[in-house]
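Student: Structure for this input, please:
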Amino acid sequence: MVGKKTMPLALWALTISAFAVGTTEFVIVGLLPTIAADLGVSLPSAGLLVSLYALGVTIGAPILTALTGKLPRKTLLLSLLMLFAAGNLMAAFAPSYLALVAARFINGLAHGVFFAIASTMRHQACL
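Tutor: Alright, predicted model coming up:
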């Protein structure tokens, strides 16, 4: 097909990564009753998993973006995705409520910086 443009591989990688990070933010909402029952905490306490993730995003975006400003963007994004994967593994195997809280907060930190950096990288990937 003449004139057909394809999306660059880097843009596909950013898109899939953004989907994974965004899904992790919201998927827990539907699992709160199950998490509360499994971990033996109240539903409002389980709901804090959403708020503490958001707190991680709020803290992570400005502070960690400023602290990592000198790092190469590609290296930073890959490191953030590894941190994100580690946080998800921690969450999947969390033996307690506090371990799950820590995992969600770590994921929030990675989320905040990821979107701050990925949004600028998207424009570079399209050029």
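
Student: Mind pulling up the pLDDT for Val2?
Tutor: Model confidence at Val2, given as pLDDT, is 60.

Student: and His123, what pLDDT?
Tutor: His123 is given a pLDDT of 58.

Student: Contact partners for Gly56?
Tutor: 104-109, 111-112 (C-beta atoms under 8 Å, 6 or more residues apart in numbering). Every C-beta, even on glycine, is put in place using the N, C-alpha and C of the backbone.

Student: so can I have a markdown table of those showing distance to Met7?
Tutor: Formatted as a markdown table, the contacts of Gly56 follow (distance: C-beta to C-beta, whole Å):
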| residue | distance to Met7 |
| --- | --- |
| Arg104 | 32 |
| Phe105 | 33 |
| Ile106 | 30 |
| Asn107 | 27 |
| Gly108 | 29 |
| Leu109 | 29 |
| His111 | 23 |
| Gly112 | 26 |
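
Student: now that we have those, which one has the most neighbours?
Tutor: Asn107 (28 neighbours; other C-beta atoms under 10 Å).

Student: pretty sure it contacts Thr24?
Tutor: Yes. Between Asn107 and Thr24 there is a contact under C-beta atoms under 8 Å: 5.9 Å.

Student: intersection of neighbour lists for the two?
Tutor: 84, 88.

Student: Filter the contacts of Gly56 down to the ones in strands?
Tutor: Among these, DSSP state E puts none in strands.

Student: Go through those residues and name the one nearest Thr34.
Tutor: Arg104 (15.2 Å; C-beta to C-beta).

Student: that older thread, closest to Lys5 among the contacts of Gly56?
Tutor: Closest to Lys5, out of all of the contacts of Gly56 and judged by C-beta to C-beta, is His111, at 30.2 Å.

Student: how near is that closest one to Pro33?
Tutor: 24 Å (C-beta to C-beta, to the nearest Å).

Student: I'd say Gly112 and Ala54 touch.
Tutor: No. Gly112 is beyond contact range of Ala54, at 9.5 Å (criterion: C-beta under 8 Å).
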